[in-house]
Every structure is written in structure tokens, then in C-alpha cells.
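Asks: dropping the sequence and predicted coords here.
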Amino acid sequence: MVNPKGVRRGTRYMFARPFRKHGIEHMSTYLRVYKVGDIVDIKGNGAFQKGMPHKVYHGKTGRVFNVTPHGIGVIVNKRVRGRIIAKKINIRVEHLNHSKSRESFLRRIKENREKLAEAKAKGIRICLKRQPKGPREGHFVSLIDNEPQLVEIGRASCRERV
């Protein structure tokens, strides 16, 4: 086939199960709780064809807007030519995971609250904003027992015939 036009074309590796991960899906997949507003990652599971998202949405992150007994409604941003459209798609739980992208943000909020409480107790002002990493500290290089080395370009030995 020169140019197939099927729905799943080009997904040979995308929807393939990982090494030693074939077989029946674990019950924990079905027992995960999804609530409206949760952030989820879409990852198509090739072992289940029902409720599988289109390959365009594979690897995307979205927000849950609807929960039904068998499927989850997710709002995902999709780029169509020059604009980004919010698409509502229904996906089964086998193809979803809770996103970990928000964990670091929530951890930082918790740390900032603790720092703020400590600063208030001490009566000092504190800046909780993230600061960019500055340049490295300056230092001196000692030449004792550390002779400078001459670095020069050698001839290309691969061009020479032996």
C-alpha cells in the first residue's frame, strides 16, 4: 500500500503494547477515580479498541468535563492550521492516566505556605517567587601542579591512506 488512509494508519508503534506488558489489564486501571476538573494524560492502549481516542490526541493532556459509567469526557486543545480549538472527546478509562504535570505546582504551593508561615512567625519579609538561576560563581584557577595544555586541531587521519 502506497498511501493508506485508514483511521489508525501510522500507529504501528504508537498503539503497540510495551515489552512484557501484554495481556489482561489490571483492575487498578478501572478502579481509578476521575472527577470533573481533573487533569488527565491521553495514551491510547492498543489492547482495547472500544473508546480509543484518535491518534491525533495520543500524548495530549486535557481536563475532565464529564464522567459516565464507562467513559470519561475530556476537553483537549487541538491545533488546526493556524488556530487552537478546544475539542470535547469521550474516552474509556483504559486510555487515560492522571497527569503528573500538576504535582510539582501543588508541591511548590505547599512549600511556599510553610515558608510564609515561618517568615510571619519571625516577622520578616520573604520573596516566594521563583528566581532564575544566576551565573556561576567566579573562581581562580591555580597553575601549581596544573600546567596549561595546548589544544590544536590534528590532521584528519581518516582521509590518509595507509
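Replies: Noted; the coordinates are in hand.
Asks: from now on I want contacts and neighbour counts done on CA atoms only, so please keep to that.
Replies: Noted.
Asks: name the SS class of S104, please.
Replies: helix (DSSP: H, G, I helix; E, B strand; the rest coil).
Asks: that one and E111, how far apart?
Replies: Distance of S104 to E111, given as C-alpha to C-alpha, to the nearest Å: 10 Å.
Asks: more neighbours: which of the two?
Replies: Between S104 and E111, E111 has the larger neighbour count (other C-alpha atoms under 10 Å), namely 13 against 10.
Asks: count the neighbours of the residue nearest to K50 when sequence neighbours are not counted for me.
Replies: Once flanking residues are discounted, K50 sits nearest to R92: 7.3 Å by C-alpha to C-alpha, 6 or more residues apart in numbering. By other C-alpha under 10 Å, 21 other residues sit near R92.
Asks: got a pLDDT number for the most centrally placed residue in the chain?
Replies: Closest to where the C-alpha atoms of the chain average out (C-alpha atoms, centre = their mean) is S101, at 6.6 Å. Note on S101: pLDDT of 90.
Asks: where exactly do the strands run in the chain?
Replies: Using DSSP state E, the strands of the chain run over 39-42, 61-67, 71-80, 83-92, 96-98.
Asks: what helices or strands is the second one leaning on?
Replies: The one in question is strand 61-67. strand 39-42, strand 71-80 (3 or more C-alpha pairs under 8 Å, 6 or more residues apart in numbering; DSSP states H and E).
Asks: what residues does it touch?
Replies: Contacts to strand 61-67, defined as C-alpha atoms under 8 Å, 6 or more residues apart in numbering, come from residues 34-42, 72-77, 99.
Asks: got the angle for that strand vs strand 71-80?
Replies: Strand 61-67 and strand 71-80 are oriented at 140 degrees to each other (axes from the mean of the first three to the mean of the last three C-alpha atoms, to 10 degrees).
Asks: strand 61-67 pairs with which strands?
Replies: Strand 61-67 has its sheet partners listed here by DSSP bridges as strand 39-42 (antiparallel), strand 71-80 (antiparallel).
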